[in-house]
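**Student:** here is a sequence with its predicted model. Questions after.
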2 protein chains.
Amino acid sequence: MKTGYIGMGIMGKPMAGHLLSTGNTLTIYNRSPGKGDDLARQGAGVADSPAEAAKDSDVVFINVSDTPDVESVLFGPGGVIEGIHEGLIVIDNSTISPDATKTFAQKLSDKGCDMLDAPVSGGDIGAQKGTLSVMVGGEKETFEKCLPLLETFGSKITHVGPIGSGQICKACNQLFCALHMLACSEGIALARRAGIDPAIMVDVVSSGAGGSWSLSQLGPRIVAGDFEPGFMIDLICKDLRVLMEMGHTLKAPLAGAALATQLFQAAQAHGLGDRGTQALSVVVEKLGNG
Amino acid sequence: MKTGYIGMGIMGKPMAGHLLSTGNTLTIYNRSPGKGDDLARQGAGVADSPAEAAKDSDVVFINVSDTPDVESVLFGPGGVIEGIHEGLIVIDNSTISPDATKTFAQKLSDKGCDMLDAPVSGGDIGAQKGTLSVMVGGEKETFEKCLPLLETFGSKITHVGPIGSGQICKACNQLFCALHMLACSEGIALARRAGIDPAIMVDVVSSGAGGSWSLSQLGPRIVAGDFEPGFMIDLICKDLRVLMEMGHTLKAPLAGAALATQLFQAAQAHGLGDRGTQALSVVVEKLGNG
């Protein structure tokens, strides 16, 4: 198929690469130029605007930071909407507001263009390996038409429900990640303070009923003081803002997620925004160390 | 070896059964009589007091509800201390205070008796199958002497550190279980309220970076409204009391665990104490349902 990909970040570029390497044509666009140069050398076209990427594609993907960025890519100057044509499908791989997603989809639908929201989980490594979990909202028929494309970068692809459902599911996913990281941070700080070897605790707990992906994968990094980002605190703070806005709109109390959000924000205040989410543990340790 | 087992609860009885079925002699004691009758039919002796169970044993195990119960079994009328003899080892499989454990061990040590704290994780099914995780505190030499006995009911047996370390590790384990259950409760409530199928969300999230044992094993039960106890809310509230006391003594702030504790206590207030920990979700749903 003829595909376009807008947003050559640490997620978008490898995902676009899978589209290209599986035999689709690819046109890329990135706000700051040069970021997709290696894909261009492998045969991707480089567009001057989102509109141009859309014009040349059957399906155009978006993978940018936040709700206003998606809005700008779609409806701003040179936006996708200026390159819209019969049968174009927009797939948004960004993690943004479910409500805004519905609004965007309606505006595109008014111009005859279908949209799927398809946020992903699995990090940069999942993007590189093509093993992402993809949570998709939108019409079932559109989903099925696009499934072969989603399969190029995802190993678990789920149609969650109507438009926005992928974003709702992703928000839930981030709620779990945030609370699990709070558990890791408190549990490891407590083990240290109580005088047991935190590495032993992580090993024991992660193999049983207290286990989580976060504890197995990031617990040892916390113990080792390794705060290199797999997923940055600034990004989970953005995702948690989307989550807490959902809670506000739905009048859904999220006491645990709210606490985790505040502590992640404390981590930002401590200058840890560009560190991995496991650096939450630095703040939790500091809370108990005068 | 000659073993004794005090406390024929849902955990203690199957654990004692493994000691017996692997060729050890076994003397059992339970406060309310009759509970170990089937073990007696399989050849276990039945003692009239903890002292008598200790007198006949090289190693006597304890598995009772709470710190005062262990104290009473050890030092109350007819307690283990009255049956103490050269070389006796006490192994406490209960989940109780690490600080009280150290005090108990010191009092036993003054009489020439070694003690291990060896709380377990893995529930009644792990106890029956002999696949418990056993977290052990105490002298390494004593641990190694007792390892063959611990292996009869455990598949992961870890020497965590000196006396009390097993209880500290178990407290951390319960912190993870409690916060993970809070995540499950909030995440599923949010998915429902936002209008996506919570079963799909549980499936998607549990297979990725948001996954946990709690979500995989208990998430589907929450979705199905199945609150049968694997592990009762009354028991996790007791364990969380031990945890929060640790935090108090160590001046360790445990903001997340404190929130989870309060919500589990709300579940008790709602009459859910004898339901499984996943019934926390009932309270979290009610918070958002006027």
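**Tutor:** Now that the structure is in, tell me what you want to look at. Numbering: from 1, shown residues only, chains lettered A, B, ... in the order given.
**Student:** make it CA atoms for all contacts and neighbour counts henceforth
**Tutor:** OK.
**Student:** now the helix or strand residue A:39 falls within: mean pLDDT?
**Tutor:** Following DSSP states H and E, one finds residue A:39 within helix A:37-41. Per-residue pLDDT values over helix A:37-41 give a mean of 96.
**Student:** who touches the helix or strand just after that helix?
**Tutor:** The helix or strand immediately downstream of helix A:37-41 is strand A:45-46, counting by DSSP H and E. Applying C-alpha atoms under 8 Å, 6 or more residues apart in numbering or on different chains, the contact partners of strand A:45-46 are A:26-29, A:40, A:53.
**Student:** try it again with 7 Å
**Tutor:** Contacting residues not belonging to strand A:45-46 are listed as A:26-29, A:40 [C-alpha atoms under 7 Å, 6 or more residues apart in numbering or on different chains].
**Student:** just to revisit the earlier point, output the contacting helices and strands for the helix holding residue A:39.
**Tutor:** Based on contacts counted as 3 or more C-alpha pairs under 7 Å, 6 or more residues apart in numbering or on different chains; DSSP states H and E, there is no element that helix A:37-41 packs against.
**Student:** the helix or strand of chain A with the lowest mean pLDDT: which residues count as buried?
**Tutor:** Ranking every helix and strand in chain A by mean pLDDT, DSSP states H and E puts helix A:123-129 at the bottom, with a mean of 91. Of all the residues in helix A:123-129, those buried under the rule 16 or more other C-alpha atoms under 10 Å in any protein chain shown are A:123-124, A:126-129.
**Student:** kindly export that helix (C-alpha atoms) in CSV.
**Tutor:** Extracted as CSV, the C-alpha positions of helix A:123-129 are listed here (Å, rounded to 0.1, in the frame of the first residue of the first chain):
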residue,chain,number,x,y,z
GLY,A,123,8.7,1.4,24.1
ASP,A,124,11.5,2.1,21.6
ILE,A,125,12.7,-1.5,21.8
GLY,A,126,9.2,-2.8,20.8
ALA,A,127,9.1,-0.3,18.0
GLN,A,128,12.5,-1.4,16.7
LYS,A,129,11.7,-5.1,17.0
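**Student:** what about that helix and chain B, any contact?
**Tutor:** No. No part of helix A:123-129 sits near chain B under the criterion C-alpha under 7 Å from any C-alpha of the partner chain; the closest distance found is 8.7 Å.
**Student:** again, but for stretch A:181-188
**Tutor:** Yes. Contact check for stretch A:181-188 against chain B, using C-alpha under 7 Å from any C-alpha: residues in range are A:182-183, A:186-187.
**Student:** now do the same for the nearest residue to residue A:118 once chain neighbours are set aside: helix, strand or coil?
**Tutor:** Counting by C-alpha to C-alpha, 6 or more residues apart in numbering or on different chains, the nearest residue to residue A:118 once its immediate chain neighbours are dropped is residue A:136, at 4.3 Å. When the structure is reduced to helix, strand and coil (DSSP: H, G, I helix; E, B strand; the rest coil), residue A:136 reads as strand.
**Student:** coming back round to it: out of the buried residues of helix A:123-129, flag the one nearest to chain B.
**Tutor:** Checking the buried residues of helix A:123-129 against chain B with C-alpha to the nearest C-alpha, the nearest one is residue A:123 at 8.7 Å.
**Student:** can you name the residues that contact that closest one?
**Tutor:** So residue A:123 contacts A:230-231 (C-alpha under 7 Å, 6+ apart).
**Student:** that one and residue A:276, how far apart?
**Tutor:** The spacing between residue A:123 and residue A:276, counted by C-alpha to C-alpha, to the nearest Å, is 11 Å.
**Student:** which neighbours do the two have in common?
**Tutor:** Shared between the contact lists of residue A:123 and residue A:276 (criterion: C-alpha under 7 Å, 6+ apart) are residues A:230-231.
**Student:** okay, now the sheet partners of the helix or strand where residue A:4 lies, with direction.
**Tutor:** Secondary structure assignment for residue A:4, by DSSP H and E: strand A:2-6. Partner strands for strand A:2-6, per DSSP bridges, with pairing direction: strand A:25-29 (parallel), strand A:59-62 (parallel).
**Student:** what is the subsequent helix or strand relative to it?
**Tutor:** Once strand A:2-6 ends, the next helix or strand along the chain (criterion: DSSP H and E) is helix A:12-21.
**Student:** that following helix - contacts with which helices or strands?
**Tutor:** helix A:123-129.
**Student:** how far does the helix it packs on sit from its chain's centre?
**Tutor:** 11 Å (C-alpha atoms, centre = their mean, to the nearest Å).
**Student:** stretch A:44-63 now?
**Tutor:** Between the centre of stretch A:44-63 and the centre of its chain there are 20 Å (C-alpha atoms, centre = their mean).
**Student:** next one: stretch A:69-77
**Tutor:** Using C-alpha atoms, centre = their mean, we find the averaged C-alpha position of stretch A:69-77 to lie 18 Å away from the chain's own average C-alpha position.
**Student:** show me what from the stretch 1-150 of chain A comes close to chain B.
**Tutor:** By C-alpha under 7 Å from any C-alpha, the residues of the stretch 1-150 of chain A that approach chain B are residue A:122.
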